[in-house]
Every structure is written in structure tokens, then in C-alpha cells.
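Undergrad: Sequence and predicted structure below; questions after.
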Amino acid sequence: MAIAWGLAMTARRLCFAPLLLMSALLPSACTQSTPSPAPEAGATASASASASALVSSRAQHSDTEVQQAVLAELRKDPHLDVARIQVAATHGLIELSGTLDNLVSRERATRIAEVVRGVNSVANRIEVEAPARDAADIAADVRKALKYNAATARMPIVVSVTNGVVRLTGSIGSWQEQQLAERVADGVRGVRFCQNDLTTTGAPKRTAALIQADVESRLAWDALVEHDPITAKVKGDRVSLSGTTGSAAERLRVINDAWVAGVMGVDADAVTVSLVARPDANLRAGASKSDHQIAQAIKSAAFYDPRVRSFSVDPTVVDGVATLNGTVATPGARLAAEALARNTVGVRTVKNELVVRVAQTTPDKLLQKQVQDALLLDSMTDARNIQVLVDKGAVTLTGSIASYFDSAEALDVASGVPGVTRINNQLQVMNPAVPYVYSPWADPFTPNVEAWYVTSLRPTLPDATIAQRIKENYSWSPFILEPDVQVQVQDGTATLTGTVHSYRERQAAVDNALEAGAVKVTDELRLGSG
């Protein structure tokens, strides 16, 4: 049955239509390709991708071609000053150099490069030339940022700053909490580097067998990992991984999955990146998973996300449709739980019935100031023109903002503030013709999916140009190995037909088409093994 994507698509993935919640490969539709001549009016442009041909041609990509592909992906990002970034490629190793004005953009450049086919690893030597600020002011702002994020607000973290370098110390509960705290600190204006010296306490003492079983389960249920398989061996509290992944981004995901309770170190030197066809995350060999098993996997994933862990999330699954019931503390936690469910093997779609219930009500005037402060602290969003209104915990954002990417970032920051029960986004985007496609690989946040945006202001490209861009996106995607994906583009609408092997591959195909300039995508792809 065809699935129509565009103005009528489920509010899930695009920030310029609905926000989409799984994976487009990289945000933007501006591909640095040479367009084909426009066809005559009413003509239909076509593009197709054959896995055997593409894998063969991709294997022959030169260092220069990979370098140019990385540069093209970096240029698509609406929040990177690519003129200040240099890219070198040597046998799959990408070296980034240059200067940027904030730490988050530096890290974002790494994540973008990691999702380009042919990139095995990324060495980021970009220097952060953040605006000079007093160390005491930066330290105070980092403490505020941690306080204004519900997931880090109660962590006993000590912050110190020297020459723009933030040091975090203290004992917290998990490796995942360490990573989240560092990410919050990275986003504060003026931070050049974050030295994360946080330690974990109270971690359970677990046997090697239990740790190994937990790691294997996490890998098996992660829909963003397609392994061949990844092998985990545990000695004491250390995990050693080996196997093959299809991209540098997926390799990092594998490492993150290995940090289960009781683990104190992960060795992934034997995990390689290779252009080989691998078993699919959703169609792995062996017995199919029951709805009950899928629901339990969602609950297990929630245990490892500090934004969701302490709340009551009760998933039920019927024929692959996951319904989330229960309560969470913030709109951000609600969205994080939805993302966890979508990224679980066997889940076809998610119905989010979670209710935001705050533990302690914050007076509206105080909450207004806290949300405003949180937005102003964020280095990725120019919040000077954002006004915040609060009514009984419901936050309304008005004013103007540069792009849909900035809008998504602002919504993410506001939705995580303790005491916020709902976000009403009324921000006016100053550059509405520039779309933004959410990527779980490039974006550490989960965007607010309750807002719908106008797509009619996006200029329509010639059909042949859209088709060519889709073809180029597919050729550099590490997630599309489909042997028979056909693309027909007519009047700006891309129709996808053929067979794909996973939900992830299917969504990547749709998102790449939207990113390439399609104003709507009709998905007629079949899900199967042949």
C-alpha cells in the first residue's frame, strides 16, 4: 500500500513540514551537484540505484571524491560555516581542520562526516575560537544550563573553567549521564572544550555473562545498527567488540550500545567499517520477535536513557504498532521515549500517549525566566528575538528565528526545562525556503514533532535536477544498499518503488529524496528480502 509523504505525512520527521523523528541523512536540500538539464513541461525524470553497481563504483571512489562528498554534506548543514573548515581524505580517514566559533558545531561536523559512504573514521582538528568570556561567567552559565535540563538538574556536578575549558567533576549514576552532562556543557556560549572527569558510583556488580547478554540484546534490538553480527566478549567489567559496520556513524552507535550497567570500559579496535552487504536490523535471521518481546525491548532501552529512565513508560505493541502510555516529566522526555521506540527493531510506527506530569509546579514568571535563560545560554540558537510566554506550565515561543534548524534547537532546549508541560511553537522562520531534515546521526536532540510547518514556500526545482540529486544522495549514503530502488519525479513529487530490506533503509530512501528537493514523496517501496 502506498504511503504518501508531504503535507499529509505523519508528523514525524521534517522540520519544514512535520518534524520527522527518525533518519534523514543530513539536514538540507541544497546538494552541491551539477544539475541535469530541465525536461520539457510535463516530462518525468527517473533515477535508479543498483546495489551491485553502486557498491562496485563506490569501492573505486578516490580520496578526492570522498573529500568532495564530505564537503558537500557539510555545506548542506544550515549551522556550519563551511568556509572555515578544511577537509582532507586519506584511504577512508577524514581529517577536519580550521576554526569554528562554538564546540557544538565542531562536534556536529564530525557526525556529519561519519555518515558519508567511504568514510571509515574522522580526525577532528578544528579549533574552537569562542568569544572571549570571563571564566566565572562561563562556569555560572554551565551550572545554569545543567539546572535548566530536567535530566541533569539533580546531578551533583562540580563545574570549573580555565581559559574556556570546562571541567566537570563529581560522581553520577551512569556513562549515559556522563555523556548527557557533557553535551549540555558543550552547548554553552564561550566553551572551547569540555574535560569530562565525571565518575560513576553505585554501578551494580554484574557477572561477565550478564553484561555480555545485555550488550548482545542492546545490539540485537537497535534498529540503527545492522551488524554481521557484532561480537561482544566480556572480561570483568570490560567489553571487547569485533565485527563490521557500514559506516563510521554506525560504529559509534555500536560502541554506545555496549555501555550497559556494570561496564567500565569498551574496546572497539576490532570493529571495522566496510562496504559489504550485511544482515538487516529488522529482518535478522532466526525466529521473529513477538509484540511482547518488542515492548520489553523498548522498556530496556528506556532504562539507559537518562531523560526517560526514572519515569513510568509503559509500552504495548500490537502488530508492530507501539503505543506509549504513562507519565514523564517534560515534553523533551516524551519525545525521547518516542525516539527510543522508533529505534527498536520490529516497531513500524509509534502512538505517543505519554502524559507530561511535573513533580513540582514552577510559578509561571519564574519558569518564563528559566526558559528564556536556557535559550540565551545555548550557543546554537540566537534567542535574542524569541519571546517566551508561560501559562500554567505551557510555554509559547513567539518571535523570529533564522531557520527551521534553529527552531528545532530552540524547541529542544525549551522542552527539557523542568516545569514545562507543553510547547506551543509560534516562531516565524526568516528563511522558510531552506528545509531541515532531522538526522539521529547528526543531531543529538529529538525535535518536537507536534508542530507543522508550511512547505509551499520551498521553491520547486526541475524534476531532472531533483532526480539527479536523489541519485547522488543514494550513491553516498551508507544506509542504502538496495539493489532495486527506482525513483520517478514528476511536478516535484518523487515516487519510490522497488524492494528494501529494512525500515531504516526505507526511511533513509524517503528522507534522501526530501533532502534532494522533492516537495513530496510517495513511498511504494516493498519491505522484504528480495
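TA: Ah, there it is.
Undergrad: where does the chain have its least confident helix or strand?
TA: Every helix and strand in the chain was compared by mean pLDDT, DSSP states H and E; the lowest is strand 3-5, with a mean of 32.
Undergrad: and the gap between the closest residue to residue 65 other than its chain neighbours and residue 516?
TA: Nearest residue to residue 65, sequence neighbours excluded (Cβ to Cβ, 6 or more residues apart in numbering): residue 118, at 7.8 Å. All C-beta atoms are positioned from the backbone trio N, CA, C, and that covers glycine. Distance of residue 118 to residue 516, given as Cβ to Cβ, to the nearest Å: 19 Å.
Undergrad: roughly how far apart are the residue positioned nearest the centre of the chain and residue 249?
TA: Centrality entry for the chain: nearest residue to the mean C-alpha point is residue 440, 1.6 Å, by Cα atoms, centre = their mean. Using Cβ to Cβ, residue 440 is found at 9 Å from residue 249.
Undergrad: Wait, a helix at residue 389?
TA: No - under DSSP: H, G, I helix; E, B strand; the rest coil, residue 389 falls outside any helix and is assigned strand.
Undergrad: Check the spacing between it and residue 396 real quick.
TA: When residue 389 is compared with residue 396 (using Cβ to Cβ), they lie 4 Å apart.
Undergrad: I'd say the residue nearest to residue 65 and residue 64 touch.
TA: No - if you go by Cβ atoms under 8 Å, residue 118 and residue 64 don't touch, sitting 11.3 Å apart.
Undergrad: Quick check: the gap between the residue nearest to residue 65 and residue 250.
TA: Residue 118 is 14 Å from residue 250, by Cβ to Cβ.
Undergrad: where do the helices sit along the stretch 351-500 of the chain?
TA: 364-377, 404-415, 463-476 (DSSP state H, counting those that start in this stretch).
Undergrad: swap in the chain?
TA: Ranges of helices in the chain, per DSSP state H, are 51-59, 63-76, 103-114, 135-147, 175-186, 208-221, 248-258, 291-303, 331-342, 364-377, 404-415, 463-476, 503-515.
Undergrad: Of the ones you listed, which is nearest residue 436?
TA: When the helices of the chain are compared by Cβ to Cβ, helix 404-415 sits nearest residue 436, at 3.9 Å.
Undergrad: so the closest one versus helix 175-186, what angle?
TA: In terms of direction (axes from the mean of the first three to the mean of the last three Cα atoms, to 10 degrees), helix 404-415 departs from helix 175-186 by 120 degrees.
Undergrad: Tell me which other helices or strands helix 404-415 touches.
TA: helix 331-342, helix 364-377, strand 394-401, strand 422-425, strand 428-429 (3 or more Cβ pairs under 8 Å, 6 or more residues apart in numbering; DSSP states H and E).
Undergrad: Now with 10 Å, please.
TA: Helices and strands touching helix 404-415, by 3 or more Cβ pairs under 10 Å, 6 or more residues apart in numbering; DSSP states H and E, are helix 331-342, helix 364-377, strand 386-391, strand 394-401, strand 422-425, strand 428-429.
Undergrad: Could you say which of the ones you listed is packed most deeply?
TA: helix 331-342 (a mean of 26; mean count of other Cβ atoms under 10 Å).
Undergrad: For that helix, what does the pLDDT average out to?
TA: Computed over helix 331-342, the mean pLDDT rounds to 90.
Undergrad: for stretch 79-95, same thing?
TA: 94.
Undergrad: Could you pull out the buried residues of that stretch?
TA: Buried residues in stretch 79-95, counted by 16 or more other Cβ atoms under 10 Å: 79, 80, 82, 85, 87, 89, 92, 94, 95.
Undergrad: Can I get the residues you listed in JSON lines including distance to residue 501?
TA: Shown next, in JSON lines, are the buried residues of stretch 79-95 (distance: Cβ to Cβ, whole Å):
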{"residue": "79", "distance to residue 501": "33"}
{"residue": "80", "distance to residue 501": "32"}
{"residue": "82", "distance to residue 501": "33"}
{"residue": "85", "distance to residue 501": "34"}
{"residue": "87", "distance to residue 501": "31"}
{"residue": "89", "distance to residue 501": "29"}
{"residue": "92", "distance to residue 501": "24"}
{"residue": "94", "distance to residue 501": "27"}
{"residue": "95", "distance to residue 501": "33"}
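Undergrad: ok, so of those residues, who is nearest residue 409?
TA: Distance to residue 409 across the buried residues of stretch 79-95 (Cβ to Cβ) is lowest for residue 79, with 8.2 Å.
Undergrad: for that closest one, phi and psi?
TA: Phi and psi for residue 79, reported as degrees, to the nearest 10, are phi -120, psi 20.
Undergrad: before we move on, back to that, which of the helices of the chain has the lowest average pLDDT?
TA: helix 51-59 (a mean of 40).
Undergrad: what sits in contact with each of residue 118 and residue 250?
TA: Counting by Cβ atoms under 10 Å, 6 or more residues apart in numbering, the common neighbours of residue 118 and residue 250 are 273, 478.
Undergrad: So residue 118 and residue 516 - more neighbours on which side?
TA: Using other Cβ atoms under 10 Å as the criterion, residue 118 and residue 516 rank with residue 516 on top: 29 against 24.
Undergrad: which one is the more buried one nearest to, not counting chain neighbours?
TA: In space, and not counting its chain neighbours, residue 516 is closest to residue 469: 3.6 Å by Cβ to Cβ, 6+ apart.
Undergrad: Please tell me I have it right and that neighbour contacts residue 517.
TA: Yes - assessed by Cβ atoms under 10 Å, residue 469 is found in contact with residue 517 at 5.7 Å.
Undergrad: Can you tell me the closest non-neighbouring residue to residue 208?
TA: residue 234 (4.1 Å).
Undergrad: The one you found contacts residue 209, correct?
TA: Yes - at 7.7 Å, residue 234 counts as touching residue 209 under the criterion of Cβ under 10 Å.
Undergrad: Neighbour count for those two, which is higher?
TA: residue 234 (23 against 9).
Undergrad: residues in contact with the more buried one?
TA: By Cβ under 10 Å, 6+ apart, the neighbours of residue 234 are 206-216, 240, 258, 260, 262-263.
Undergrad: ok, so of those residues, who is nearest residue 524?
TA: Distances from residue 524 to the contacts of residue 234, taken as Cβ to Cβ, are shortest for residue 216 (35.5 Å).
Undergrad: tell me the contacts of residue 91?
TA: Neighbour list for residue 91: 63, 66, 118, 120 [criterion: Cβ under 10 Å, 6+ apart].
Undergrad: ok, now with 7 Å
TA: residue 63 (Cβ atoms under 7 Å, 6 or more residues apart in numbering).
Undergrad: repeat for the one 4 residues further on
TA: In this structure, residue 95 makes contact with 88, 123, 125, judged by Cβ under 7 Å, 6+ apart.
Undergrad: Likewise for residue 90?
TA: Residue 90 neighbours (Cβ under 7 Å, 6+ apart): residue 63.
Undergrad: Please determine how far it is located from residue 120.
TA: 10 Å.
Undergrad: mind checking how far residue 76 is from residue 116?
TA: From residue 76 over to residue 116 (counting by Cβ to Cβ), the distance is 11 Å.
Undergrad: The two - which one has more neighbours?
TA: Neighbour count, other Cβ under 10 Å: between residue 76 and residue 116, residue 116 has more, with 26 against 23.
Undergrad: doesn't residue 73 make contact with the more buried one?
TA: Yes - using Cβ atoms under 7 Å, residue 116 is in contact with residue 73, at 5.6 Å.
Undergrad: before we move on, back to that, what is the neighbour count of the residue nearest to residue 516?
TA: The burial count for residue 469: 26, using other Cβ under 10 Å.
Undergrad: Redo the helices of the chain as CSV? Include distance to residue 497.
TA: Below are the helices of the chain laid out as CSV (distance: least, Cβ to Cβ, whole Å):
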stretch, distance to residue 497
helix 51-59, 15
helix 63-76, 26
helix 103-114, 29
helix 135-147, 47
helix 175-186, 40
helix 208-221, 30
helix 248-258, 26
helix 291-303, 28
helix 331-342, 24
helix 364-377, 44
helix 404-415, 29
helix 463-476, 13
helix 503-515, 10
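Undergrad: Done for today, thanks.
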